[in-house]
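In: When you get a sec, could you give me coordinates for this:
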Amino acid sequence: MARRVRVMSMSVELPLWRALTGYRVLTMLYAVGLFATAYDGFARPWVAICYFVVLAGWTLATLPKVANAASCTKRFLAVDLTVALTGILLTPVADSHQRILDGGPTLPSIWTAGSVLAFAVKGGWRWAAVASSLVAAANLVERGAPTRDTVHNVILVWVASIAIGYVVEVARASERTLARALEIEAATRERERLARDIHDGVLQVLAMVQRRGAVLGGEAAELGRMAGEQEVALRTLVSGGLVPVSRESRDAADGAFVVTVDEPEDDGPVDLRTLLLPYAAARVSLAEPGAPVLLAPAAARELAAAVGAALDNVRRHAGPDARAWILVEDEPHSVVVTVRDDGPGIPEGRLAQAEGEGRLGVALSIRGRLRDLGGSAELCSIPGQGTEVELTVPKEAVRPVGQGTARKTGNRDGDGHGGRRSGGDE
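Out: Purely as a prediction, here's the structure:
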């Protein structure tokens with residue numbers, strides 16, 4: 001029976017919102033308690049009573065608003081901060097002047113910090129800086145002049161809110177990274193499961209059809225050949241995986257999530273392996289590193305085209321039964337692709353003769369491409385033992401530059417029998 005996979009949303013912010021909810025209720029009760037104990041010292045206690053009625057009603061009515069980031073809207077934050085600032089500015093109206101000079105608390109007292117912290121959790125340290133600066137200005141207006149205690153409290157709220165806002169931003173970034181890592185892990189496990197199923201079923205059937213077709217001959221042999229080609233293509237897809245998809249992490253109310261995005265063409269290095277995968281077939285084997293082989297888009301396309309030209313020569317001159325091998329090597333400063341076949345090789349002097357006849361497949365389609373990239377193409381062929389072409393491209397190559405070297409080794413002259421794809425013509 002198939003297992004159900006349950007996807008759970010993550011949110012490192014959720015505990016902060018819960019703590020903020022409790023903080024607002026407790027500090028509202030604390031502010032009311034301070035007023036009750038100093039009731040006789042207020043010049044106009046009825047002003048304070050009216051404010052605390054509004055404060056208590058607003059705090060209790062807006063508890064759902066501070067339950068998560070989605071509920072805590074910008075409009076709510078603006079009104080919430082207005083309630084706090086109004087309480088600070090009403091303090092000289094309600095309280096006696098002497099109590100204010102003695103450093104008495106404002107009407108909302110430390111409840112104001114909850115409003116500032118809501119800005120920090122919602123929008124990060126920048127929002128927190130704006131809200132705490134407004135609170136600082138209101139406190140200076142309420143006191144009439146900056147005092148040591150006032151400055152101390154203002155700096156404390158300012159630093160604490162900005163620090164919490166910064167921590168929230170870091171937590172969000174970590175959450176997005178974790179969400180993407182978990183998604184990649186799940187996708188990798190699913191691909192491995194599919195690979196096992198395909199290997200145990202489809203690939204084995206295709207291999208059996210290929211073997212039986214070769215034994216039976218006739219039309220069955222052709223069917224077996226086609227099955228072999230499909231087996232190689234499917235095996236390459238399973239082992240290499242799909243082309244990586246660009247993703248972008250975003251915030252949601254209950255946590256981070258990852259969405260796929262379109263990646264603009266030529267917007268960064270590309271994996272050379274994805275360009276060489278289509279060349280793999282029943283008689284063409286591709287060996288590649290397990291990690292991406294990154295090159296600039298133009299350089300990767302030119303290198304893949306040179307490989308295609310070399311394989312064209314294999315099919316044209318070595319015959320349909322010749323086998324070819326592509327080896328990709330990712331060196332520290334360059335990428336080397338070697339194309340080798342088991343054809344009859346190139347007779348000595350054949351390449352020079354072909355170039356003199358105007359057949360410039362190797363000269364232009366292979367060496368020319370690599371030369372323009374600042375790389376090189378080395379061709380080595382021994383009659384009767386096949387041909388090997390080594391294509392080297394520097395990693396810093398971005399576009400064809402019309403510079404570079406084209407080196408040759410001993411027996412590189414021939415007619416392309418067993419040679420590499422030179423655009424279908426030596």
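
In: so where do the strands sit in the stretch 201-350 of the chain?
Out: Ranges of strands within the stretch 201-350 of the chain are 247-252, 255-260, 270-271, 284-287, 294-295, 324-330, 334-341, based on DSSP state E, counting those that start in this stretch.

In: helices or strands up against the last one?
Out: Strand 334-341 is packed against helix 272-276, helix 297-313, strand 324-330, strand 387-394, with contacts defined by 3 or more C-beta pairs under 8 Å, 6 or more residues apart in numbering; DSSP states H and E. Yep, even glycine has a C-beta here, placed from its N, CA and C like the rest.

In: What sits closest to R99 if chain neighbours are left out?
Out: Closest residue to R99 apart from its sequence neighbours, by C-beta to C-beta, 6 or more residues apart in numbering: G41 at 5.4 Å.

In: Enumerate every residue touching the one you found.
Out: G41 makes contact with D95, S96, R99, G104 under the criterion C-beta atoms under 8 Å, 6 or more residues apart in numbering.

In: follow-up on the earlier one: mind putting the helices and strands packed on strand 334-341 in a markdown table, distance to R176 included?
Out: Converted to a markdown table, the helices and strands packed on strand 334-341 look like this (distance: least, C-beta to C-beta, whole Å):
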| stretch | distance to R176 |
| --- | --- |
| helix 272-276 | 26 |
| helix 297-313 | 27 |
| strand 324-330 | 29 |
| strand 387-394 | 35 |
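
In: quick one: which of those is nearest A136?
Out: Among the helices and strands packed on strand 334-341, helix 297-313 comes nearest to A136, with 52.3 Å by C-beta to C-beta.

In: Centre of the chain to the closest one, how far?
Out: Helix 297-313 has its C-alpha centroid displaced from the chain centroid by 28 Å (C-alpha atoms, centre = their mean, to the nearest Å).

In: Report the rounded mean pLDDT for it.
Out: Mean pLDDT, helix 297-313: 86.

In: Of the contacts of G41, which belong to helices?
Out: Using DSSP state H, the subset of the contacts of G41 located in helices is R99.

In: Which members of the contacts of G41 are the farthest-apart pair?
Out: S96 and G104 (8.3 Å).

In: Low-confidence ranges, the stretch 51-200 of the chain, go.
Out: The stretch 51-200 of the chain contains residues with pLDDT under 70 at 146-147, 149-150, 192-200.

In: Backbone dihedrals for the residue nearest to R99, both of them.
Out: Here is the backbone geometry of G41 (degrees, to the nearest 10): phi -90, psi -10.

In: quick one: stretch 384-400 to chain centroid distance?
Out: For stretch 384-400, the distance to the chain centre is 31 Å (C-alpha atoms, centre = their mean).

In: need the contact list for K65.
Out: By C-beta under 8 Å, 6+ apart, the residues touching K65 are S71, C72, T73, F76, D80.

In: helix/strand/coil for the second one?
Out: Secondary structure state of C72, per DSSP: H, G, I helix; E, B strand; the rest coil, is coil.

In: how much space is there between it and V121?
Out: Separation of C72 from V121 (C-beta to C-beta, to the nearest Å): 8 Å.

In: joint contacts of the two?
Out: Both C72 and V121 are in contact with W17, where contact means C-beta under 8 Å, 6+ apart.

In: what residues are up against V83?
Out: Neighbours of V83 in contact, by C-beta under 8 Å, 6+ apart: V54, L55, W58, P108, S115.

In: Just the element for it, please.
Out: Taking DSSP states H and E as the definition, V83 sits inside helix 74-94.

In: ok now stretch 104-123, how far from the chain's centre?
Out: Worked out by C-alpha atoms, centre = their mean, stretch 104-123 lies 37 Å from the chain centre.

In: Also stretch 270-286?
Out: With C-alpha atoms, centre = their mean as the basis, stretch 270-286 stands 25 Å off its chain's centre.
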